[in-house]
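Engineer: Output the structure for:
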Amino acid sequence: AGGGASVAGAGGAGAGGAAAAAAAMNRNFTFNSDRLDDIGKGNERLMHALTRINRGGGQVVTRVDPVLRKKREASSSINRRRKNNKIMDENAAFLKRLQKIKPTKSMSRKTMKATSNQQRRFAKNCRQIVGPGGAVVKKPARRKKKK
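Structural biologist: Alright, predicted model coming up:
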């Protein structure tokens, strides 16, 4: 009976030795034991949340990182943006209409210069006094500008 016990004990020691050898092979060099415990607790919490959702137990409330949370935009900001967009659209439509307009011939630089020269000649002729026989009698003196 004692020999049987020693065989069972040897088998148990052999199994314990195999577990110790497997633990030594699966040793984690990345995280320390405290960090591994935290990861395990987080995984367990996540597993419970997922099973609760799967069973239809309602939504799970989780904390959202404030950096990732989208801030709600104020109504005044929304209205201001809409107003600015409307003004930009109106300006774009106005620019499009302006670009479609063709220039008027009477407003070209060439015709305006010709009209200016004609007016200058007319003014020069008006300042002369013509006597009998078509001779220029007297050219009136120009008035001095008042200060």
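Engineer: Name the next helix or strand downstream of the helix or strand hosting residue 80, please.
Structural biologist: Using DSSP states H and E, residue 80 sits in helix 75-100. Using DSSP H and E, the helix or strand that directly follows helix 75-100 along the chain is helix 109-127.
Engineer: ok, and for that following helix, which residues are buried?
Structural biologist: Buried positions in helix 109-127, judged by neighbour count with 16 or more other Cβ atoms under 10 Å: none. C-betas here are computed from N, CA, C, even on glycine.
Engineer: which helices and strands does it pack with?
Structural biologist: Under the contact criterion of 3 or more Cβ pairs under 8 Å, 6 or more residues apart in numbering; DSSP states H and E, helix 109-127 touches no helix or strand at all.
Engineer: Rounded mean pLDDT for that helix, please.
Structural biologist: In this model, helix 109-127 has a mean pLDDT of 87.
Engineer: Return the alpha-carbon coordinates of it using CSV.
Structural biologist: As requested, the backbone C-alpha atoms of helix 109-127 are provided in CSV (Å, rounded to 0.1, in the frame of the first residue of the first chain):
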residue,chain,number,x,y,z
ARG,A,109,-10.3,102.7,-73.2
LYS,A,110,-9.9,103.6,-76.9
THR,A,111,-13.4,105.1,-77.3
MET,A,112,-13.2,107.0,-74.0
LYS,A,113,-9.8,108.5,-75.0
ALA,A,114,-11.2,109.6,-78.4
THR,A,115,-14.2,111.2,-76.7
SER,A,116,-12.0,113.0,-74.2
ASN,A,117,-9.8,114.4,-77.1
GLN,A,118,-13.0,115.6,-78.9
GLN,A,119,-14.3,117.3,-75.8
ARG,A,120,-10.9,119.0,-75.3
ARG,A,121,-10.9,120.4,-78.8
PHE,A,122,-14.5,121.6,-78.4
ALA,A,123,-13.6,123.4,-75.2
LYS,A,124,-10.6,125.0,-76.9
ASN,A,125,-12.8,126.3,-79.7
CYS,A,126,-15.4,127.6,-77.3
ARG,A,127,-12.8,129.7,-75.4
